[in-house]
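In: Sequence and predicted structure below; questions after.
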Protein chains: 2
Amino acid sequence: MTVTPEIESVDTRDRLIEGAARLLHTQAYRGVGVKALCEAAGVRKGSFYHFFASKEDLTLAALDRSWERFRAEVVDPAVTEAPDAESRNQAIKDACLDRSTHDTDLSHPHVCIFGRLAASITESEPLLRARLAEIFTEWAELLGGGVAGWSALADIIGRLVLAFSVEVVEA
Amino acid sequence: MTVTPEIESVDTRDRLIEGAARLLHTQAYRGVGVKALCEAAGVRKGSFYHFFASKEDLTLAALDRSWERFRAEVVDPAVTEAPDAESRNQAIKDACLDRSTHDTDLSHPHVCIFGRLAASITESEPLLRARLAEIFTEWAELLGGGVAGWSALADIIGRLVLAFSVEVVEA
């Protein structure tokens, strides 16, 4: 099969995004550099800036992809299929916590990227911070909105972050 | 006043701990190096290893101090003074969220260090991970223990992490 340059280019960009999602799933934002992002994708460093303007730019793409995937695979099914709010939230929590034990498995939707990124970004990454705020706001809406939606989301994110260090969080 | 070497030594160690607590309050663990820890404390890099074996060693001391202070200033008063579990948890949440807006003010008890560290450490920092697990377990006990204690703590940590990116979390 002949690979046309266009397809190769799409594939390289895609591998960078998948590699970034995987790395940022297990590592703090500041610990990941462009070099590591290229290595994770098997891409030469010289090619990086052909696809992304910066580490933050690639991270935004990885964040969007992680959210699309997590929303489609976990949140939307829970919202439409669970019989009530309690079992809906429980289904999402179970998915999050189960995922956190499969850090390096790309077939999982990488929910950890949200908790890890939210905790590691600072005022120096305004675009990432703003995009995370949008995702969390959308997520809280999907969980019923208002006080109930934010409470459910806080419970999910809190358990996720606790599970990074604590073996068993009673639930 | 003459400063004896012993007192100077205690003071230097103390400044390193306070500086680390301040830095790790606003920055991810991996983004902070020994050089930055020395600069924050006004200590020459050559002196660092006289006091601490590694960055992780100093971070453990900063974590212990932050927890002692936060427990004494926020958790213990809430546990003894609040009329019921709901107002106790609310008092701790209010303290956490208020603190997250005063990132660089050392007079605050630096609760953020717990959420930030929990989200940024990985399997590579087993001592830190274990110490955080102990602190969270103690904290959950103070919040009533069992399912109720962990739920209250998850809610607190979740809101704290959300507040790093979201301006207004409805509560």
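Out: That came in fine, so what should we check first? It should be emphasised that the depicted structure is a prediction, and the values quoted were computed from it without experimental measurement.
In: Let's test this: mean pLDDT of stretch A:162-170, rounded?
Out: The average of the pLDDT scores along stretch A:162-170 is 79.
In: is chain B contacted by it?
Out: Yes - using C-beta under 8 Å from any C-beta of the partner chain, stretch A:162-170 reaches chain B at A:162, A:164, A:165, A:166, A:167, A:169, A:170. For every residue, glycine as well, the C-beta is placed using N, CA and C.
In: Just give me the neighbour total for the last one.
Out: To tie it back to what came earlier, the one meant is residue A:170. For residue A:170, the count of nearby residues is 12 (other C-beta atoms under 10 Å in any protein chain shown).
In: cool, residue A:35 as well?
Out: Per other C-beta under 10 Å, the neighbour tally for residue A:35 reads 10.
In: For it, give me its contacts.
Out: By C-beta atoms under 8 Å, 6 or more residues apart in numbering or on different chains, residue A:35 lies in contact with residue A:45.
In: gap between it and chain B?
Out: 14 Å (C-beta to the nearest C-beta, to the nearest Å).
In: Secondary structure element holding that residue?
Out: Using DSSP states H and E, residue A:35 sits within helix A:34-41.
In: What residues of the helix or strand just after that helix count as buried?
Out: For helix A:34-41, the succeeding helix or strand toward the C-terminus, using DSSP H and E, is helix A:45-51. Residues A:48, A:51 are the ones in helix A:45-51 that count as buried (16 or more other C-beta atoms under 10 Å in any protein chain shown).
In: which helices and strands does the helix or strand following helix A:45-51 pack with?
Out: Moving toward the C-terminus from helix A:45-51, the next helix or strand (DSSP H and E) is helix A:55-70. Applying 3 or more C-beta pairs under 8 Å, 6 or more residues apart in numbering or on different chains; DSSP states H and E, one finds that helix A:55-70 contacts helix A:5-26, helix A:34-41, helix A:112-120, helix A:126-142.
In: Not counting its own residues, what contacts the third one?
Out: When you say that, I think you mean helix A:112-120. Residues outside helix A:112-120 that contact it (C-beta under 8 Å, 6+ apart): A:21, A:24-30, A:59, A:62-63, A:66-67, A:70, A:96, A:99-100, A:103, A:128, A:132, A:135-136, A:157, A:160-161, A:164, B:28, B:31, B:115-116, B:118-120, B:161-162, B:164-165.
In: sorry, back to before: just put the helices and strands packed on helix A:55-70 in JSON lines and tack on mean pLDDT and distance to residue B:41.
Out: Formatted as JSON lines, the helices and strands packed on helix A:55-70 follow (pLDDT from 0 to 100; distance: least, C-beta to C-beta, whole Å):
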{"stretch": "helix A:5-26", "mean pLDDT": "85", "distance to residue B:41": "30"}
{"stretch": "helix A:34-41", "mean pLDDT": "95", "distance to residue B:41": "29"}
{"stretch": "helix A:112-120", "mean pLDDT": "80", "distance to residue B:41": "22"}
{"stretch": "helix A:126-142", "mean pLDDT": "93", "distance to residue B:41": "28"}
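In: Single out the most deeply packed of those.
Out: Sort the helices and strands packed on helix A:55-70 by mean neighbour count, taking mean count of other C-beta atoms under 10 Å in any protein chain shown, and helix A:112-120 sits at the top with a mean of 27.
In: CA atoms of that one as PDB?
Out: Below are the C-alpha coordinates for helix A:112-120, written out as PDB (Å, rounded to 0.1, in the frame of the first residue of the first chain):
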ATOM      1  CA  CYS A 112      -7.300  10.900  34.800                       C
ATOM      2  CA  ILE A 113      -6.000  13.500  32.400                       C
ATOM      3  CA  PHE A 114      -8.800  15.900  33.800                       C
ATOM      4  CA  GLY A 115      -7.900  15.500  37.400                       C
ATOM      5  CA  ARG A 116      -4.100  15.600  36.800                       C
ATOM      6  CA  LEU A 117      -4.200  18.600  34.500                       C
ATOM      7  CA  ALA A 118      -6.600  20.500  36.700                       C
ATOM      8  CA  ALA A 119      -4.300  20.100  39.600                       C
ATOM      9  CA  SER A 120      -1.000  20.800  37.800                       C
END
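In: Might you calculate how far that helix sits from the centre of the chain?
Out: Taking C-alpha atoms, centre = their mean, to the nearest Å, the mean C-alpha location of helix A:112-120 is offset from the chain mean by 8 Å.
In: Nothing else from me, thank you.
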